[in-house]
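Peer 1: Got a sequence here, can you model it:
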Amino acid sequence: MRKYFIDNLRWLDVLLLIPYHAAQAWNTWQEPNYIFFDGSRAISSIIVFFSPYFMPLLFLLAGMNTRYSLAKRSKGQYLAERAKRLLVPLIFGVAVLMPPLTFIAAKANLNYSGSFFEHYGVFFTKFTDLIGADGGFSFGQFWFLLYLFVISAAAVGVISLLEKFLPKKKPDIPFPVICLLGAPLPLLSELLSVGGKSLAEYTYIFLLGYYIFSDDKTIDKLEKYSPLTFPIGLAASLLNVWLFIWSGKDYGAVNTAAMFTSKWFMLLALIGLGKRFLDTGGRLSRCMSVRSFPYFSFHFLILVTLQYTLSGPLSGNTPLLYLIPVLSAFVLTFLCCELCLRVKWLSFLLGTKPISKDSK
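Peer 2: Predicted coordinates for the structure are as follows:
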């Protein structure tokens, strides 16, 4: 039976990308960004509140979906589908969408005076921190597609190896043990990490999705205990924000503990709450699931273009400079999705299918 809550959690999570990425322009810890304004603790709180768990959730859901996918197709078919859905939009995004994004960054951050077309040469030859805030080469948000493809391919090997040793019948894992499965995350977070994004940590979360969270008994437990896990996750998330942004002090290990508690218990809670409240299909679910792929690809370029364009007229008015680009980016990104989903070759480059009657 299809788990509609997985689709719904995914597209709801992807919607967060616009307000989240918009807030990066005001981060108070001086992290490089494509455009940067004066730091704002209020807006930075958006990043700190969501950052522990909103990308890990996508890897967890991908691991769960892999279990269901391999139940109805061969591993070769699965890898071919992953290449089509991940590698193609990765190449398209890096080659076509990232150069203009880093062009804006070069103009905003370095007063770059070269032309738009001259910048293409800079993008493909300037390799620094891979963030792109200095106009150099960057994967941008497409790091997620790269990581997910690498993890998916590696997971097929792990799954093929372990299926010879693991029992076919899944054990019934007690809820306290499920809670303890998050314990390795602090140790894994620095392994194979590039720009704070740990390949080891995301691989672990993906495999947990495949082996543990895809089991109906586990999902039922998470639904049952969501009234417990959600308050814990929410309290840890708020504490993480206060400690990191508002306290004015460095609480070190306490702050780290709050962040990882937020990460794990919000993952547990969101799967449980998703099963409880979002496990329904329908027109909205189909519509948003199809559009989440082009939305992911286009949102950042549209958002930063708006922020750069409006930074002059709205200078000094932080609330409007945050809200107007965010709201406008939602509208323009979805308009862009509608146009692209009606063109077969563009749909292919974005890793999705062209629009159909079922998804309108």
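Peer 1: Find the nearest non-adjacent residue to P354, please.
Peer 2: Nearest residue to P354, sequence neighbours excluded (C-beta to C-beta, 6 or more residues apart in numbering): S347, at 4.2 Å. C-beta coordinates here come from the backbone N, C-alpha and C atoms, glycine included.
Peer 1: Work out the gap between the helix or strand containing that neighbour and the centre of the chain.
Peer 2: Element membership for S347, per DSSP states H and E: helix 344-349. Counting by C-alpha atoms, centre = their mean, to the nearest Å, helix 344-349 is centred 22 Å from the centre of its parent chain.
Peer 1: any idea of the mean pLDDT in that helix?
Peer 2: Taken as a whole, helix 344-349 has a mean pLDDT of 95.
Peer 1: Check stretch 68-78 too.
Peer 2: Stretch 68-78 shows an average pLDDT of 93 in the prediction.
Peer 1: Then stretch 279-298?
Peer 2: On average, stretch 279-298 scores 94.
Peer 1: Show me which parts of it are buried, residue by residue.
Peer 2: Across stretch 279-298, burial judged by 16 or more other C-beta atoms under 10 Å covers 279, 285-286, 288-298.
Peer 1: What is the helix holding S347 packed up against?
Peer 2: helix 88-92 (3 or more C-beta pairs under 8 Å, 6 or more residues apart in numbering; DSSP states H and E).
Peer 1: ok, longest helix in the protein?
Peer 2: Counting by DSSP state H, the longest helix found in the chain is helix 283-310.
Peer 1: Quick check: the farthest pair among the buried residues of stretch 279-298?
Peer 2: Using C-beta to C-beta, the buried residues of stretch 279-298 reach their maximum pairwise distance at D279 and F298, which is 28.8 Å.
Peer 1: circling back to that earlier point, identify each buried residue in the helix holding S347, please.
Peer 2: Neighbour-count burial for helix 344-349 flags 347, 349 (criterion: 16+ other C-beta under 10 Å).
Peer 1: Pull out the CA atoms of that helix and give them to me as PDB.
Peer 2: Output of helix 344-349 as PDB, limited to C-alpha atoms (Å, rounded to 0.1, in the frame of the first residue of the first chain):
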ATOM      1  CA  LYS A 344       8.800  17.300 -22.200                       C
ATOM      2  CA  TRP A 345      12.500  17.900 -22.500                       C
ATOM      3  CA  LEU A 346      12.500  20.400 -19.700                       C
ATOM      4  CA  SER A 347      10.600  18.000 -17.500                       C
ATOM      5  CA  PHE A 348      13.300  15.400 -18.300                       C
ATOM      6  CA  LEU A 349      16.100  17.800 -17.300                       C
END
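Peer 1: which residues are contacting it?
Peer 2: Residues outside helix 344-349 that contact it (C-beta atoms under 8 Å, 6 or more residues apart in numbering): 84, 88-89, 92, 294, 340-341, 353-355.
Peer 1: What subset of these is buried?
Peer 2: Applying 16+ other C-beta under 10 Å to those, the neighbour count classes 89, 92, 294, 340-341, 354-355 as buried.
Peer 1: what's the closest of those to F59?
Peer 2: P89 (16.9 Å).
Peer 1: Surely the closest one and F293 touch.
Peer 2: Yes. The criterion here is C-beta atoms under 8 Å, and P89 meets it with F293 at 7.0 Å.
Peer 1: so what sits against both of the two?
Peer 2: Taking C-beta under 8 Å, 6+ apart as the contact rule, P89 and F293 both touch 350-351.
Peer 1: re earlier: which neighbouring elements make contact with the longest helix of the chain?
Peer 2: Looks like helix 283-310 contacts helix 4-15, helix 17-23, helix 88-92, helix 98-110, helix 318-340 (3+ C-beta pairs under 8 Å, 6+ apart).
Peer 1: Now render the ones you listed as TSV, adding distance to E223 and mean pLDDT.
Peer 2: Below are the helices and strands packed on helix 283-310 laid out as TSV (distance: least, C-beta to C-beta, whole Å; pLDDT from 0 to 100):
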stretch	distance to E223	mean pLDDT
helix 4-15	9	97
helix 17-23	26	98
helix 88-92	33	98
helix 98-110	40	97
helix 318-340	30	97
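Peer 1: Columns distance to G274 on top of the ones you listed, output as a markdown table?
Peer 2: Shown next, in a markdown table, are the helices and strands packed on helix 283-310 (distance: least, C-beta to C-beta, whole Å):
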| stretch | distance to G274 |
| --- | --- |
| helix 4-15 | 4 |
| helix 17-23 | 18 |
| helix 88-92 | 25 |
| helix 98-110 | 31 |
| helix 318-340 | 22 |
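Peer 1: Ok, which of those comes nearest P176?
Peer 2: Nearest to P176 among these is helix 4-15 (23.6 Å), distances taken as C-beta to C-beta.
Peer 1: Now find how far off-centre that closest one is within its chain.
Peer 2: Between the centre of helix 4-15 and the centre of its chain there are 11 Å (C-alpha atoms, centre = their mean).
Peer 1: Would you mind pulling the contact partners of it?
Peer 2: Helix 4-15 has contacts (C-beta under 8 Å, 6+ apart) with 54, 57-58, 61, 64-65, 270-271, 274-275, 277-281, 285, 288-289, 291-292, 295-296.
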